[in-house]
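Give me a 3D structure for the following:
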Amino acid sequence: MSNRQTKTDVILIGAGIMSATLGSLLKELVPDWEITVFEKLANAGEESSNEWNNAGTGHAALCELNYTVEKPDGSIDIKKAININEQFQVSMQFWSHLVNNKLIRNPQDFIMPLPHMSFVQGEENVTFLKKRFEALSNNPLFQGMEFSDNPEKLKEWIPLMLSNRTSNEPIAATKIDTGTDVNFGALTRMLFEHLETKDVHVHYNHSVDNIKRTSDGSWELKIKNQISGAVEQHTAKFVFIGGGGGSLHLLQKSGIPEGKHIGGFPVSGLFMVCNNPEVVEKHHAKVYGKAKVGAPPMSVPHLDTRFINNQKSLLFGPFAGFTPKFLKTGSMMDLITSVKPNNVLTMLAAGAKEMALTKYLIQQVMLSKEQRMEELREFIPDAKSDDWDLIVAGQRVQVIKDTDAGKGTLQFGTEVVSAADGSVAALLGASPGASTAVSVMLKVLNQCFPQHIKAWEPKLKEMIPSYGKSLLENPELLREVHQSTAKALGLADTKQEKQDRVLELV
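Here you go, the predicted structure:
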């Protein structure tokens, strides 16, 4: 057993989209800082960021109904949708900067233009969708959104979903053509390739077993080489824990007070993937429905065109699954070992409150393939079982913490937990995660490097023109950002191309 010791400026734990983004930002801002990455698996982007573990990507709140809530007075609250849309635009600006400066190439390998749609059934839901459309379509961020409850119009938009639909129930949809499909697995791998050219040391097959503070305030990590079994000690002034579901255990081991009273609840996702190319070709959109009553926000059903390895795929889901693992490659003991004296009451309170979620998960786990096909047939009435296979997607660990809403509140979102002195930060949580990675990592920079932010500002504004500004309040800037990102990322879609595509589908 060797006991190699090294010192570095920054250690990033986990080779997913978050570490890739933070590493890329830091290399642009302070090129001379030394950065080291440790990843348990053999490659980058293999866990939560992987394209098969991260379905429905490209979240800009254009079609996700759970980001627009109906208030008791019947009006629609669009604050969350605005916030997520602005964050996605920040990601697009940073990716454009990387492409324009030839730091990453071939953007079509990770991002493609794709209409985003919301689809509802039943009178009450149609009324809700119409109100949502009226609230969003007047907003500059959601310009170009269309609404229709006319079956003939919907047949043009989503021929596969309208074919052989016999129900007389009212249906409606909204459509916006400026949506995208993002392959975060491909983007993660591209960013790590770029980082390795900038002398970032990436160590695969290395698991971080422990993290503790040293007397001078830096952090010492105990790291195991999965292949040789050797144990190494690595020290850094700043550590980012971006290991997906694995982050909670490391945050707890760090012992920082900010990590106490936080728990995690794992939820896995299953998707149906279409194996019939003829069916795949008949659909060209991301279509989100409405979650069933009692279902958690991350279980909103959607029928998604995806581009994976430059091939068009069609996925439907998610169906929730349950395993106590915090990572797809994790341990069956993950949930049990995450319960500590300081979070046990928080966890118990959540368990008592979330009986409906537990019941929902049990029902989901018990579903047969045919029952899952029945849910798919609400989207594609004549879907055939033989055309669809079931795949297990990634694990998500929802954060449980004590909030103003009460003890043991289950959070649906992405959380940054950092030490008071900014020397360590951990990323917890799930959706909209990857889509908002750049904004989330800017938050890490602000929380952990406040002394540098002023000096970094000019470079940040060069990379992200809307940095520090609201696109909503600056329509001229919004227009410029839309044009420049569309051009850089190859999303400038002409009207003629759209018409050709519709003709192809029909």
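
So what's the residue count around residue 224?
19 (other Cβ atoms under 10 Å). From N, CA and C alone the C-beta is placed, and that goes for glycine too.

after the helix or strand encompassing it comes which helix or strand?
Per DSSP states H and E, residue 224 falls inside strand 219-225. Remark: after strand 219-225, the chain's next helix or strand is strand 231-241, criterion DSSP H and E.

ok and that next one relative to strand 219-225, angle-wise?
Here strand 231-241 runs at an angle of 120 degrees relative to strand 219-225 (axes from the mean of the first three to the mean of the last three Cα atoms, to 10 degrees).

which helices and strands sit right next to strand 231-241?
strand 5-13, helix 17-29, strand 35-38, strand 206-213, strand 219-225, helix 247-254, strand 424-429 (3 or more Cβ pairs under 8 Å, 6 or more residues apart in numbering; DSSP states H and E).

Let's have the ones you listed in JSON lines, adding mean pLDDT and distance to residue 196.
JSON lines is the format used below for the helices and strands packed on strand 231-241 (pLDDT from 0 to 100; distance: least, Cβ to Cβ, whole Å):
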{"stretch": "strand 5-13", "mean pLDDT": "91", "distance to residue 196": "13"}
{"stretch": "helix 17-29", "mean pLDDT": "97", "distance to residue 196": "10"}
{"stretch": "strand 35-38", "mean pLDDT": "98", "distance to residue 196": "9"}
{"stretch": "strand 206-213", "mean pLDDT": "96", "distance to residue 196": "15"}
{"stretch": "strand 219-225", "mean pLDDT": "96", "distance to residue 196": "19"}
{"stretch": "helix 247-254", "mean pLDDT": "94", "distance to residue 196": "23"}
{"stretch": "strand 424-429", "mean pLDDT": "91", "distance to residue 196": "22"}
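
Would you mind extracting the C-alpha trace of the strand holding residue 224 into CSV?
Presented in CSV, the C-alpha positions along strand 219-225 are these (Å, rounded to 0.1, in the frame of the first residue of the first chain):
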residue,chain,number,x,y,z
TRP,A,219,-8.7,19.9,3.6
GLU,A,220,-7.1,16.4,3.5
LEU,A,221,-8.8,13.7,1.5
LYS,A,222,-8.2,10.0,1.9
ILE,A,223,-8.5,8.5,-1.6
LYS,A,224,-8.5,4.9,-2.7
ASN,A,225,-7.2,3.8,-6.1
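
Pull up the pairing partners for that strand, direction included.
strand 206-213 (antiparallel), strand 231-241 (antiparallel) (DSSP bridges).

Can you pull out the low-pLDDT segments for the chain?
For the chain, applying pLDDT under 70 flags the ranges 1-5, 55-56, 293-298, 431, 493-506.

now the helix ranked longest in it, how far from the centre of its chain.
Secondary structure of the chain read by DSSP state H shows that its longest helix is helix 79-100. Centroid separation for helix 79-100 versus its chain: 13 Å, with Cα atoms, centre = their mean, to the nearest Å.

neighbouring contacts of stretch 306-319?
51-52, 55-57, 108-109, 112, 181, 183, 269-274, 279-281, 283, 298-299, 301-305, 364, 367, 372, 375-376, 379-380, 388, 393 (Cβ atoms under 8 Å, 6 or more residues apart in numbering).

one more time with 7 Å
The contact list for stretch 306-319 (Cβ atoms under 7 Å, 6 or more residues apart in numbering) reads 51, 55, 109, 112, 181, 183, 269-274, 279-280, 283, 299, 303-305, 364, 367, 372, 376, 379, 393.

got the angle between the longest helix of the chain and helix 17-29?
Using the same axes, to 10 degrees: helix 79-100 against helix 17-29 is 50 degrees.

still on that earlier bit, single out the most deeply packed of the strands paired with strand 219-225.
strand 231-241 (a mean of 21; mean count of other Cβ atoms under 10 Å).

Give me the angle between that strand and strand 424-429.
Using the same axes, to 10 degrees, strand 231-241 lies at 70 degrees relative to strand 424-429.

Residue 271 belongs to a strand, doesn't it?
Yes: according to DSSP: H, G, I helix; E, B strand; the rest coil, the state of residue 271 is that of a strand.
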